[in-house]
Each structure stands twice: as structure tokens, then as C-alpha cells.
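J.: let's see this in three dimensions:
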Amino acid sequence: MSLVINHNLMAMNAARNLNQSYSQLSVSTRRLSSGLRVGTAADDAAGLAIRELMRADISSLQQGVRNANDAISLIQTADGALQVVDEKLIRMKELALQAATGTYNSDQRLIIDSEYQAMASEISRIAAATDFNGIYLLNGNLSGDPSTHNGNGLDSTGPLKIHFGTGNDSAEDYYYIAIAGASASALGLGHASASKGGAVVGTTAANAGKAISTQALAQASLAAINQAIISKDKIRANLGSMQNRLENTITNLSIQAENLQAAESRISDVDVAAEMTEFTRQQILTQAAVAMLAQANSLPQMALQLISG
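T.: This is a model prediction of the structure:
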């Protein structure tokens, strides 16, 4: 190569190599400092697209776990209220059995019936007042078939829809919680029809469970109370099975999120050992390019010495 003044080709070549090495050194520094192999689309466009979809699914699954946990809290609230209802039903059966015996007169049975009606009113109050985050659980609003759910309005109606999946597929992304009404009237107890002279209007069979003011009504109410207890137990059993299902769903979602996180890590996280090796290589190349550029920049001075003699 000729010794020239106008174009220092060695310096240009050294400067180009320096820019390349410095650029790669900058990439390695960014990767090591961020911990990410894919920091921009330029690093791996396809990998970035896959990673972002995975990140969206991971966040959705984590929110799904929180949704399922909220549903469990809702179920536990309803079950706690039904546990209190259970105590009231047991007391009502105790009162019915007390009124069914022949050792009490009519006045005493009316006194017993007044407590019976108070228990029924308390059951209705519990059913009307039990709520979770403003959603009333035992007043019958959440009863019915899942097909009756309507979420088009600001307030959805029908069974409660618990959404936990990343899509909107009924087979895998959500299911419904239906809770039957647990008021005294829904259970067929208390709040007897109008009385005349202490007697309940209507047949004994029609008023079974509604009052225990007569011996016949008290005896007929025993079966009605048993049926009410069975109805209440069915609600609690359904809630218990749904809670178990939600707990299994949470376990499954957590495993899914963990596996997706591992897959996302393999795509985007940097291999520190390999990247540190590359960093050291580029650092040495950069230092060498700087040294050679300094040497190449001195070549025109050699030509000047020849000219000056």
C-alpha cells in the first residue's frame, strides 16, 4: 500500500473496526446491565413478539389467580352466613318439637311461635344483608341456570361469572357460581298467613313450617324444617365443591404462569456467562482498535517527514 496524504485508508479501516467493536460492546453492556438478551426488536424481532404475547398471558394468569381468590372469599362469606342460618334452623326445629308436645296450652304455644317467627325473620334478614363487595349472595339474585346470566348491563344478573382464563372460551376460561336464595320464605318457613283467634288461616299442610301456634302445625312443621335444613345443606355443599374447584383452578393457573415465565425467560433473559465472554472479547477488540487507530493516524506524519527531507 502506498504512503499517501489525502486518504489515510488504514485510519479509516481502524475507525470502522473501532465503531463496530464499540457498538457490540455497548450491546453487551446493555444486556449485562438489564439482564435481557432481547431488549429491542433489533435484537430478535420474532423472539420479542413471542415474549410480549407470553408476558400478556402471564399477567392475565396472575390476575386470574386473584379473581379466583376473590371468588373463594365470596364463597366463604356466603358459607359463613349459612352457618348462622343453620343455627337458627336448629333452634326452629327445637321450638317446633317443643310446641308439638301436648303439655303446653295455646297461650304458651303462641309464645313459642313468637320466637319461631323471630328466628324466621332473622334468617330472612341474614339472607337479605349478606353481601360481598356490594353483591348480595343469599337473596336469590345469583340463583338460576348459567344460561340466565346477563352481563350486558352495568350490573350483571343471574349466576356469578368467575373469569380466570386468558381468553373467552366457556370450556376453559370461566365458569359460574349459582347460589340459591336462603331466606325463610325460600326455605318454606315462618311468616304465617293472617290469624283469626290464634288460628292460622288455611290447611295444616299448606302452612307446615310457617307457624307452630297449634300442636298440629308444630308437628307438620318438623318435616318442613327438615326439608329446609336439607335445602340449606345443598347450598353449602355446592359452595364447598365450588371452593374446592377454585382452589384446584388456582393451582393450575399458578403452574401455567410458572411454565410460561420459564419459557419467557429462555427467550428474553441473557446468559451472563456467554455475554460476559462476548463483552471481554469486544472490550479487547475496542482497545486494540483504539491503539491501531492512533498508529494509523500517525502515518501522514511519516509522509511529511519524507517531504521535508
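J.: what are the bridge partners for the nearest residue to Asn168 once chain neighbours are set aside, then?
T.: The shortest distance from Asn168 to any residue other than its chain neighbours is 7.7 Å, reached at Tyr174 (Cβ to Cβ, 6 or more residues apart in numbering). All C-beta spots, glycine's among them, are computed from the backbone N, C-alpha and C. Note on Tyr174: beta-bridge partners His163, judged by DSSP bridges.
J.: for Tyr174, grab the count of nearby residues.
T.: For Tyr174, the neighbour count with other Cβ atoms under 10 Å is 17.
J.: same check, this time on Ser213
T.: Count around Ser213 with other Cβ under 10 Å applied: 24.
J.: could you pull up the contacting residues of Leu222?
T.: Leu222 sits next to Lys93, Ala96, Leu97, Ala100 when contact means Cβ atoms under 8 Å, 6 or more residues apart in numbering.
J.: out of those residues, which are inside helices?
T.: Lys93, Ala96, Leu97, Ala100 (DSSP state H).
J.: if we can go back for a sec, and of the contacts of Leu222, the nearest to Asn252?
T.: Ranked by distance to Asn252 (Cβ to Cβ), these are led by Lys93 at 41.5 Å.
J.: how many neighbours does the closest one have?
T.: 20.
J.: where's the closest residue in space to it that isn't next to it in sequence relative to Val270, distance?
T.: With Cβ to Cβ, 6+ apart as the criterion, Lys93 has its nearest non-adjacent residue at 4.5 Å, and that residue is Ile225. As judged by Cβ to Cβ, to the nearest Å, Ile225 and Val270 stand 69 Å apart.
J.: ok, those two, which is more surrounded?
T.: Comparing Ile225 with Val270 by other Cβ under 10 Å, the one with more neighbours is Ile225, at 24 against 20.
J.: list phi and psi for the more buried one.
T.: When read as degrees, to the nearest 10, the backbone of Ile225 gives phi -70, psi -40.
J.: give the contact list for it.
T.: Neighbouring residues of Ile225 by Cβ under 8 Å, 6+ apart: Leu89, Met92, Lys93, Ala96, Leu189, Gly209.
J.: pretty sure the second one contacts Ala120?
T.: Yes. Met92 is in contact with Ala120 according to Cβ atoms under 8 Å; the separation is 7.0 Å.
J.: who touches both of these two?
T.: Counting by Cβ under 8 Å, 6+ apart, the residues touching both Met92 and Ala120 are Leu189, Gly190.
J.: neighbour-wise, which of these two wins?
T.: Met92 (29 against 25).
J.: got the contact list for the more buried one?
T.: Counted by Cβ under 8 Å, 6+ apart, Met92 has contacts Tyr116, Met119, Ala120, Leu189, Gly190, Ile225.
J.: so the residue minimising distance to the centre of the chain is in which element?
T.: Note on the chain: the residue nearest the mean C-alpha position is Asn67, at 1.9 Å, using Cα atoms, centre = their mean. If you go by DSSP states H and E, Asn67 is part of helix 45-100.
J.: now Tyr174: how far from Pro146?
T.: Per Cβ to Cβ, Tyr174 is found 10 Å from Pro146.
J.: kindly apply the preceding question to Leu160 instead.
T.: Applying Cβ to Cβ to Leu160 and Pro146 gives a distance of 10 Å.
J.: joint contacts of these two?
T.: Going by Cβ under 8 Å, 6+ apart, residues that sit against Leu160 and also against Pro146 are Tyr176, Ala178.
J.: which of these two has more neighbours?
T.: With neighbours defined as other Cβ under 10 Å, Leu160 and Pro146 compare such that Leu160 has more, 21 against 15.
J.: contact partners for the more buried one?
T.: Taking Cβ under 8 Å, 6+ apart, we find Leu160 in contact with Ala71, Leu74, Ile135, Leu142, Tyr176, Ile177, Ala178, Ile179.
J.: how about the first one, nearest residue that isn't a chain neighbour?
T.: Nearest non-adjacent residue to Ala71, counting by Cβ to Cβ, 6+ apart: Ile162, 4.6 Å away.
J.: okay, now the one you found: neighbour count?
T.: Quick note: Ile162 (other Cβ under 10 Å) scores 22 neighbours.
J.: cool, the one 4 residues further on as well?
T.: Thr166 sits with 20 neighbouring residues when counted by other Cβ under 10 Å.
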